[in-house]
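Enquirer: After the sequence you'll find the predicted model.
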Amino acid sequence: MTRNGRTKHNDKGQGMLVVENVKKSYATVGQPLRVLEDVSLRLEPGQSAAIVGPSGTGKTTLLQILGTLDQPDEGRVSINGTDPFALDEKARAAFRNQTIGFVFQDHHLLPQLSVIENVLIPSLATGKPTADDTRRAEALIEAVGLSERSTHLPGELSGGERERVAIARAMLMRPTLILADEPTGNLDAKTASDITKLLLRLQADENAVLVTVTHSLALADAMQSQFELTGGALVERSMA
Ligand SMILES: Nc1ncnc2c1ncn2[C@@H]1O[C@H](COP(=O)(O)OP(=O)(O)OP(=O)(O)O)[C@@H](O)[C@H]1O
């Protein structure tokens, strides 16, 4: 257990992601739009996977479900042995905060908060940041190479630097599952490569599962496995 009764699963060999036969449709004025027809996926601690596929095939929809932000119509999701959709909304929000780290293309940093304050945001869900939280935030800011910029505002940083802050924030609670939506989307090739390495290094440090949705071949190739979302199902691609 860690503070506030949080249980650490990463080192217990059960931090896996299991998705079985997930279906998801959206209501429209006509027929429901069937986006996910039969999605299954299983990842063990320390594994990384890219989800690729043309625009509109449902990658973001799937990531929202993995992130417990949206509920499947049918099928099963298990994260660390917990079915997040069996929890009530409050418990699910707490579970999400403790278990899942999100990295988005547009970082979602709060512009009025400094780098360290942004990194500490996930710790606010359980009250004020503890001394441990602050130490962890400082260590992560150092790990992402921004120690000199800790008190700066997001508006004073480059796109790549802001993405680093978003990664540090995603890692604060030591997530077992890291979900990244186009984390290198707006970056030049060198910065994108640096960000990819950083993400993989921090993922390895925590033995977490990393799932990234991307159109970038370079990012997808850096993952251990690749799945194409096609016809509403995931098909594993053989890596060259
Ligand atoms: N809330 C919603 N209501 C209705 N339709 C939706 C909703 N969200 C997404 N869709 C539709 O579901 C389909 C899948 O969308 P999704 O954003 O998951 O695709 P994607 O593969 O992530 O696309 P991209 O690569 O362009 O980001 C699209 O046709 C989209 O228009």
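Expert: Nice, I can see it.
Enquirer: Which helix or strand lies directly C-terminal to the lengthiest helix in the chain?
Expert: The longest helix of the chain (DSSP state H) is helix 189-206. Counting by DSSP states H and E, the next helix or strand C-terminal to helix 189-206 is strand 209-213.
Enquirer: tell me the average confidence for the helix or strand just after that following strand?
Expert: As assigned by DSSP H and E, the chain's next helix or strand after strand 209-213 is helix 217-222. Averaging pLDDT along helix 217-222 gives 95.
Enquirer: any bit of whichever helix or strand comes after helix 217-222 sitting next to the ligand?
Expert: Using DSSP H and E, the helix or strand that follows helix 217-222 in sequence is strand 225-230. No. Strand 225-230 does not reach the ligand (C-beta under 6 Å from any ligand atom); its nearest approach is 6.5 Å. Yep, even glycine has a C-beta here, placed from its N, CA and C like the rest.
Enquirer: what's strand 225-230 packed up against?
Expert: strand 48-52, strand 233-237 (3 or more C-beta pairs under 8 Å, 6 or more residues apart in numbering; DSSP states H and E).
Enquirer: That strand: partners in the sheet, and parallel or antiparallel?
Expert: Looking at strand 225-230 with DSSP bridges, its partner strands are strand 48-52 (parallel), strand 233-237 (antiparallel).
Enquirer: Quick check: the residue nearest the centre of the chain vs G231, distance?
Expert: Among the residues of the chain, the one closest to the centroid is L179, at 1.8 Å (C-alpha atoms, centre = their mean). According to C-beta to C-beta, to the nearest Å, L179 stands 23 Å off from G231.
Enquirer: For the closest residue to V235 other than its chain neighbours, which residues are in contact?
Expert: Distance criterion C-beta to C-beta, 6 or more residues apart in numbering; nearest residue to V235, sequence neighbours excluded, is E228 at 5.1 Å. By C-beta atoms under 8 Å, 6 or more residues apart in numbering, the residues touching E228 are 51-53, 234-235, 237.
Enquirer: what's the spacing between the residue of the chain positioned farthest from its centre and the ligand?
Expert: Each residue of the chain has a distance to the centre, and by C-alpha atoms, centre = their mean the biggest one is for G30: 33.1 Å. Computed as C-beta to the nearest ligand atom, to the nearest Å, the G30 to the ligand distance reads 12 Å.
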